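Enquirer: here is my input; please provide its structure:
(chains A and B)
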Amino acid sequence: MLRFIIKRLLITIPTLLVVITITWGLIRLAPGNFYTGEKAIPEAIERNIREKYGLDRPWHEQYLRTMGQILRLDFGTSLKYEGKSVNEIISRSLPVSATVGILAYLLALIVGITIGSIAALKQNSKWDYASMTLAMIGISVPNFVLGPLLVLLFSLTLYWLPPSRWDGFPSKSVILPVLTLSAIYMAYIARLTRAGMLEVLRSDYIRTARSKGLSEAQVVIRHALRGGLLPVVSYTGPALAFLLTGTVVVERLFVLPGLGNYFIQAALNRDEPLILGIVAFISMTLLTMNLLVDVAYGYLDPRIRQ
Amino acid sequence: MIRQRLIRGNATNLNDESSGTDMNDERSTAGHDSEKVEPAFTPLGTPPQPPIRSRDGDMIHAGAELAVGEGDVRSAEQAEFVTGTSLTRDAWRRLLRNKLAVFGMITVAIITLASILGPFVIKQLTGITPDYIPKDISALKSLPPFTAPDGSFSWLHPMGTDNQGRDLLARVLQGGQISLMVGIIATLMSLIIGVSYGAVAGYLGGRWDSVMMRLVDVLYSLPYIIIVIVLLSMFKSQTARGQLVLLFIALGSVSWLTMARIVRGQVLSLKNQEFVLAARATGVSTPRIIFRHLVPNTIGPVIVYATLTIPTIMLTEAFLSFLGFGVQPPIASWGSLTTDGIQNIAIFPWQLICPGVTMGLTLFSLNFLGDGLRDALDPQMRKRL
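Expert: Model (predicted):
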């Protein structure tokens, strides 16, 4: 097990360096600079700016300095949000993104597993076809179409929920973003659960469980779900990556002060420290989560460890 | 039993295709029936031939193997071709039995045709182009579907108009051209890169394979959408056309990883089979073995995965357009039309609903078509997902 973890770590660390290097390279290779605007800057001022931000140094020195800062988890100061350090922006916006993301994933897990199990238990019934068609619609409708449609229905027609505002976690304003974000995962998880359950329900140990007289509920909950949910567990990794892009859309749609919103703003503003900081932070989180998922999966299914 | 397996693997001279497929079906679905269909070369329904005839069958088969051994690679290729046709016909029949897949196929065909021909037809019928802004001041507003400027019923704008009074149907159809084009070109790119990469890695094997696949593993765990956003925002092109090319490159170069994995797996299982051995023995060069002998045999899973890649890429394009990094005006795609519609959701909901629903319907149909193709081309996969 330890060897497995070390092996995974050996892939994770280079990956992190690759992400940061690619991002840094893209920012530097792109034509123009963060200080070039519509108005031309006098040469003396430009020289001062370049000196202040270390742009007059050779590129490898700049690269090593940036990498060193990132490895020490000090991402510097934002160029556009004056006087705010990147760490401050991340620590302020992370709770918003995390709240929406975690709630959406939990909702998706609960609803998805329930629907998927029902579809598998009643295979080829009306329930099965209806829920799988619904799941396909969930996968096919982009969340930036679904979100405004929900707003149109619940905010602008029924006046139940606020259209876009952030009042913190236990408030009505959380409902629409979470629903919008979770729809696609619900659909994926329902399909995965159904496929996994169908395979498990045909296996011998389920027949044994039935034949020794267990109730259907016990067979399903204690025996079938365990094996049937393995695909869902392995989907957690990709889901996290998707969740990320999803939160970007949802935060833009509902104007939430989250990480994704800041990232897009930083990319538009060419705010180098903020871009690099958020990319590094997101990659670290994502890769750590992937590592944890892999370890959990290796624990659940020893065949994977080889 | 051994003979049957040989026949299946190398169906030379099996001119009667229908009998060949039927028997393959029979063998894979009901094992106990295969004993009854013992004389392998007689079409189903004809009375069983005396044993001497089935020895004949053996002779035919031996002849085919000899032909390969003698170095006539063309006959080996023909053999592939014969098996390919019958399997295709078989898969086609299975696909047509799947109602949702047929629905998907028809819808995709209609939407594609409408996107290609629609703007032209609309121009011929009404004289309206997608970027035509009416001269009449009373029409310079967003009209609901099927409404004339004076509020009465009219067939002129079946999807209504946008803020400038441009016909939404024409714009949605033209946006479809762009969205479908992005989906197809980026998929083709990922197809070319992924298939070559996976096939080379799988065929070379050993150290090359592990290095190449380790690279894929590393790229796989990158949060690629973030890198695409950084790329598109940093290199933002001055022209709409340039941005579109950038989009193809960005989307194509990140979506080949799964394709490479699939093709590598297929090649690994194929490369030790007799036809590769025969090709190698007759001195066929390595690139030719990879691209003429191995790659054509991986076509089934590749088609399935490509069909499922198109909607994913279209969705990503729409997502990037929503964030403002995708296609730029004056070019419009379903993603950018939807984004424009979101601005006016409270007053002119049809501006969101029309392009949004068209896009959703297309992705939905493509997904069902892909699922149906997977079930039809590879019935074994059905069990797995």
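Enquirer: residue ranges of the helices in the stretch 1-150 of chain A, please?
Expert: A:2-29, A:43-52, A:59-71, A:86-121, A:126-140, A:143-150 (DSSP state H, counting those that start in this stretch).
Enquirer: distance to B:Ile331 added to those, as CSV?
Expert: Every C-beta, even on glycine, is put in place using the N, C-alpha and C of the backbone. As requested, the helices of the stretch 1-150 of chain A are arranged in CSV below (distance: least, Cβ to Cβ, whole Å):
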stretch, distance to B:Ile331
helix A:2-29, 24
helix A:43-52, 35
helix A:59-71, 35
helix A:86-121, 32
helix A:126-140, 24
helix A:143-150, 19
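Enquirer: can you tell me which of the ones you listed is most buried?
Expert: Greatest average neighbour count among the helices of the stretch 1-150 of chain A goes to helix A:143-150 (a mean of 23), per mean count of other Cβ atoms under 10 Å in any protein chain shown.
Enquirer: what about A:Asn74, neighbour count?
Expert: In this structure residue A:74 is Asp, not Asn. 13 (other Cβ atoms under 10 Å in any protein chain shown).
Enquirer: and the stretch 151-300 of chain B, which residues reach chain A?
Expert: The stretch 151-300 of chain B comes close to chain A at residues B:214, B:217-218, B:221-223, B:225-227, B:229-231, B:233-235, as judged by Cβ under 8 Å from any Cβ of the partner chain.
Enquirer: what is the nearest of these to A:Ile221?
Expert: Taking Cβ to Cβ as the measure, A:Ile221 lies nearest B:Ser221 of those, at 33.5 Å.
Enquirer: just give the nearest non-adjacent residue to the closest one, would you?
Expert: Using Cβ to Cβ, 6 or more residues apart in numbering or on different chains and skipping residues adjacent in sequence, the residue nearest B:Ser221 is A:Thr15, 5.3 Å away.
Enquirer: for that neighbour, what are its contacts?
Expert: When contacts are counted by Cβ atoms under 8 Å, 6 or more residues apart in numbering or on different chains, A:Thr15 touches A:Ser283, A:Leu287, B:Val218, B:Ser221, B:Leu222.
Enquirer: what sits against the last one?
Expert: Contacts for B:Leu222 were tallied using Cβ under 8 Å, 6+ apart; they are A:Thr15, A:Val18, A:Val19, A:Ile22, A:Ser283.
Enquirer: make sure I have this right: it is in a helix.
Expert: No: read with DSSP: H, G, I helix; E, B strand; the rest coil, B:Leu222 is coil and lies in no helix.
Enquirer: surely B:Leu96 is in contact with B:Met105?
Expert: No: B:Leu96 is not in contact with B:Met105 according to Cβ atoms under 8 Å; the separation is 9.1 Å.
Enquirer: the more surrounded of the two?
Expert: Between B:Leu96 and B:Met105, counted using other Cβ under 10 Å, B:Met105 has the larger neighbour count: 19 against 13.
Enquirer: where's that one, which helix or strand?
Expert: Using DSSP states H and E, the element containing B:Met105 is helix B:99-126.
Enquirer: what are the buried residues along that helix?
Expert: Judged by neighbour count using 16 or more other Cβ atoms under 10 Å in any protein chain shown, the buried positions of helix B:99-126 are B:Leu100, B:Ala101, B:Gly104, B:Met105, B:Thr107, B:Val108, B:Ile111, B:Ala114, B:Ser115, B:Gly118, B:Pro119, B:Ile122.
Enquirer: out of the helices of the stretch 1-150 of chain A, the one nearest B:Met189 is which?
Expert: When the helices of the stretch 1-150 of chain A are compared for distance to B:Met189 using Cβ to Cβ, the nearest one is helix A:2-29, at 18.9 Å.
Enquirer: show the average pLDDT along the closest one.
Expert: Helix A:2-29 shows an average pLDDT of 81 in the prediction.
Enquirer: what angle do helix A:59-71 and it make with each other?
Expert: 130 degrees (axes from the mean of the first three to the mean of the last three Cα atoms, to 10 degrees).
Enquirer: isn't A:Val293 up against A:Val233?
Expert: Yes: with contact defined as Cβ under 8 Å, A:Val293 and A:Val233 form a contacting pair (7.2 Å).
Enquirer: circling back to that earlier point, weakest of the helices of the stretch 1-150 of chain A by average pLDDT?
Expert: Mean pLDDT is lowest for helix A:43-52 out of these, coming in at a mean of 76.
Enquirer: would you mind writing the CA trace of that helix as CSV?
Expert: The C-alpha atoms that make up helix A:43-52 are tabulated as CSV, following Å, rounded to 0.1, in the frame of the first residue of the first chain:
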residue,chain,number,x,y,z
GLU,A,43,10.1,54.6,-21.7
ALA,A,44,11.4,55.6,-18.3
ILE,A,45,8.2,54.5,-16.6
GLU,A,46,8.3,51.2,-18.5
ARG,A,47,11.9,50.6,-17.3
ASN,A,48,10.8,51.3,-13.7
ILE,A,49,7.9,48.9,-14.0
ARG,A,50,10.1,46.2,-15.5
GLU,A,51,12.6,46.6,-12.7
LYS,A,52,10.0,46.6,-10.0
